[in-house]
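[1] one predicted model, sequence on top.
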Amino acid sequence: MFFKVLACDFDGTLASDDRIGPSVRDALERARKAGLRLILVTGRTFFELTRVCDCIEVFDAIVAENGAVIYYPGSAMIRDQGPPVPSRLLAELDRHGIYYQVGRVIVGTARADEAGVKEALAAAGVTRDLIYNRAALMLLPAGVSKGSGLQHVLRFLGFSPHDVLALGDAENDLPLFDACGFSGCPGDSLPAVRERVDWVFPGAHGDGIAAAITEQILQDRLAVELSPRHRVPVGWVAATSEPVTIPARGVNVLIHGDPHSGKSWLAGALVERLVGARYAVCVIDPEGDYRVLARLPDVTWIEIQGPKDVDRALDGLVRAPSASAVLDLSLLPHAAKVALIERALRRIREIRRLVGRPHWVLIDEAHYSLHDEGVSADALGLEDRGFCFVTYRPSWLRERVARAVNVFILARTSGSEELGILGAALPAAVGGEGGFAETLARLPRGEFLLVQRDPNHHLSALTFVAAPRQTVHVRHLMKYIDSCVPPGREFLFRGADGRVRGTADSVQSFRRVVATTPDDVLAHHAGGGDFSRWVRDVFGDAELARQLRKIEARWQRGELADLRRAIGGLIAVRYGGED
């Protein structure tokens, strides 16, 4: 189920004529049994609410008096969010002949008495905000609203606003909607409310909401991915400067491209934007490409060496609604990586059922762990959505994973096998397989093809220029590209027989020797991890060493057809930009 919290208005939403009817109560009970937390948010005074609402115990929290009073039925804890009403204001209202109701914090009057209320406030020298609620007028301390009250409750309960569906029907519910990820209303709500919400549910008052809960919300039938208000910017159309966005919730994304095509750079940019919008993100990083994201607020980088590290990283996501984590598994052998990725995915499924987070799970080098012999099929929970798979080998992905993708972000692709897989999945996106392959093969670095479903469920495709990164890694190769190492620290290119075939005393000379030395010599050193070890130990360039280690690992697994080109290309792009 997509939502974890329902925040419901009382009058006109759940209640009709001061009462919550049997169908509404039954719907609320079903929601509780399904694991939803329920919060009642009302403009009624607290004492009046206890008189008219006979099912307060159904709710996990009560936000009464339009946000000014918070009550937790389970513990009977009550907290006022503002001062009591000054007695001199009540005296002035009496003097003006204005009928009112007084709560712990709120004063309620008729909207028709607004002019007299303003005079009374001025005469008493009291400052209060005037809040409209159909024919009623509420006097509240500055800054107090249904939205502010709900925010207090969500912090106390440990939920993110992104996982809350607010239900209301009148003007004073608009701040409530602003404080929640999604919103809905019954069909007889005020026009301003119907224009504002994500969904208008058929029916009136409680009956309409009861049907919405049982038939749509609990059945996960609300298409959150089609909401125009919940989008993440990824770049611009080059020709028109039109912003390009993808859904912020409810989809699975595939980011694909050749090595050094910019796919990992774009994946990092996507994480930046999600974190900036206070979504919780878990990055599963098998090769150490995302450590730089720890510079972002609320993002923790954790080097994973065993199961306890995985559990510690994910426990942090439970405790803080906006926390994100990067799980760096780069120090582990491949088999250990796959085992710990499966452990992390299983734990993430449990956490999502509990609190709805992390909202996004980005799995880099997804082909290493999500192939047929990789993590167990039941570990992923693809139906929960919010996955981003980053890979240069979609042909290796388990078929079930590929079928679950509904947003494709594609960088330059030259391999015929990958083009065939993508073309078969998206034959109508850009005018047939031939046109599709040509478009991807011509894409320059920094441009991408986005394929997604529009609000009418039709596939649409466009090319765009990626938005800038906040955390672009600064490469430092220039400072030592021609610097010579001390005697005895040179790289000696040897064959399997031990004979020296070439010598490199700088990165520049290393690149030249790689370009000319025999294939068997390159294969010998790549098999032993010698290239990455030399760069790390002699130059102290952890980033270049890490990238070389990736190439060596791919060569050992038989994934690279041209080792020489891969090493030369890596050193070339080291001068700027990131994969």
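    That came through, no problem. This structure is a prediction, so every number in the text was calculated from the model and none was measured. Numbering: from 1, shown residues only.

[2] going by C-alpha atoms from here, please, whenever you check contacts or count neighbours.
    Noted.

[3] for the protein, where's the lowest mean pLDDT among helices and strands?
    When the helices and strands of the chain are scored by mean pLDDT, DSSP states H and E, helix 433-442 comes last with a mean of 73.

[4] what strands line up against the helix or strand following that one, and which way round?
    From helix 433-442 onward toward the C-terminus, using DSSP states H and E, the following helix or strand is strand 447-453. Next to strand 447-453 in the sheet, as set by DSSP bridges, lie strand 407-410 (antiparallel), strand 459-466 (antiparallel).

[5] may I have the first one as PDB, with CA atoms only?
    This file holds the C-alpha atoms of strand 407-410, laid out as PDB (Å, rounded to 0.1, in the frame of the first residue of the first chain):
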ATOM      1  CA  VAL A 407      10.500   5.300 -16.900                       C
ATOM      2  CA  PHE A 408      13.600   4.900 -19.100                       C
ATOM      3  CA  ILE A 409      16.400   7.500 -19.100                       C
ATOM      4  CA  LEU A 410      18.900   6.400 -21.800                       C
END
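
[6] ok, back up a step: can you check which of the strands paired with strand 447-453 gets nearest to Phe182?
    Proximity of the strands paired with strand 447-453 to Phe182 was assessed by CA to CA; the nearest stretch is strand 407-410, lying at 21.2 Å.

[7] what is Tyr72 paired to in the beta sheet?
    Met77.

[8] so it sits against Ala61, correct?
    Yes - Tyr72 is in contact with Ala61 according to CA atoms under 8 Å; the separation is 4.6 Å.

[9] mind listing what's buried in stretch 144-155?
    For stretch 144-155, the neighbour count (16 or more other CA atoms under 10 Å) marks Val144, Ser145, Lys146, Gly147, Ser148, Gly149, Leu150, Gln151, Val153, Leu154 as buried.

[10] look up how far Asp372 lies from the fourth one.
    Distance, Gly147 to Asp372, using CA to CA, to the nearest Å: 47 Å.

[11] one step back: and the strands paired with strand 447-453, which is most packed in?
    Most buried of those, by mean neighbour count (mean count of other CA atoms under 10 Å): strand 407-410, with a mean of 23.

[12] downstream neighbour of that one in the secondary structure list?
    By DSSP H and E, the next helix or strand past strand 407-410 is helix 416-425.

[13] give me the distance from the helix or strand harbouring Leu137 to the chain's centre.
    In the assignment (DSSP H and E), Leu137 maps to strand 136-140. Here strand 136-140 is found 37 Å from its chain centre; the criterion is CA atoms, centre = their mean, to the nearest Å.

[14] alpha carbons of the least confident helix or strand of the chain, in CSV - could you do that?
    Coordinates of the C-alpha atoms in helix 433-442 are reproduced here as CSV (Å, rounded to 0.1, in the frame of the first residue of the first chain):
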residue,chain,number,x,y,z
GLU,A,433,13.8,-0.1,-33.8
GLY,A,434,16.0,1.5,-36.5
GLY,A,435,15.2,5.0,-35.4
PHE,A,436,15.5,4.1,-31.8
ALA,A,437,19.0,2.6,-32.3
GLU,A,438,20.2,5.6,-34.4
THR,A,439,18.9,8.1,-31.8
LEU,A,440,20.8,6.4,-28.9
ALA,A,441,24.0,5.8,-30.9
ARG,A,442,24.2,9.5,-31.8
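
[15] domains in the protein, by residue range?
    Taking automatic domain parsing as the reference, the chain has its domains at 1-75+145-222, 82-143, 231-466, 477-573.

[16] can you give me the end-to-end span of the third one?
    Between the opening and closing residues of domain 231-466 lies a distance of 15 Å (CA to CA).

[17] give me the below-cutoff pLDDT ranges for this structure.
    427-435, 453-457, 472-483, 540, 573-579 (pLDDT under 70).

[18] list the buried ones in the longest helix anywhere in it?
    In the chain, with assignment by DSSP state H, the single longest helix is helix 334-355. Residues 337-349, 351-353, 355 are the ones in helix 334-355 that count as buried (16+ other CA under 10 Å).

[19] how about stretch 510-530?
    510-511, 513-514, 517, 521-526, 529-530.

[20] list the beta-bridge partners for Trp236.
    Pro243, Val465.

[21] pull the contacting residues for it.
    Glu242, Pro243, Val244, Phe464, Val465, Ala466, Ala467 (CA atoms under 8 Å, 6 or more residues apart in numbering).

[22] stretch 359-372: end-to-end distance?
    So stretch 359-372: terminal residues 25 Å apart, CA to CA.

[23] residue most distant from the centroid, the chain?
    Distance from the C-alpha centroid of the chain, by CA atoms, centre = their mean, peaks at Arg95 (54.6 Å).

[24] burial of Pro333, as a residue count?
    11 (other CA atoms under 10 Å).

[25] no wait, Ser160
    Considering only other CA under 10 Å, Ser160 is surrounded by 25 other residues.

[26] repeat for the one 3 residues further on
    Taking other CA under 10 Å as the criterion, the count of residues near Asp163 is 21.

[27] then Ser506?
    Ser506 has 22 nearby residues by other CA under 10 Å.

[28] can you tell me the closest non-neighbouring residue to it?
    Cys484 (4.8 Å; CA to CA, 6 or more residues apart in numbering).

[29] now name the helix or strand holding the one you found.
    Using DSSP H and E, no helix or strand contains Cys484.

[30] got it, and Leu165?
    Assigned by DSSP H and E, Leu165 falls in strand 164-167.

[31] fine by me, we can end here.
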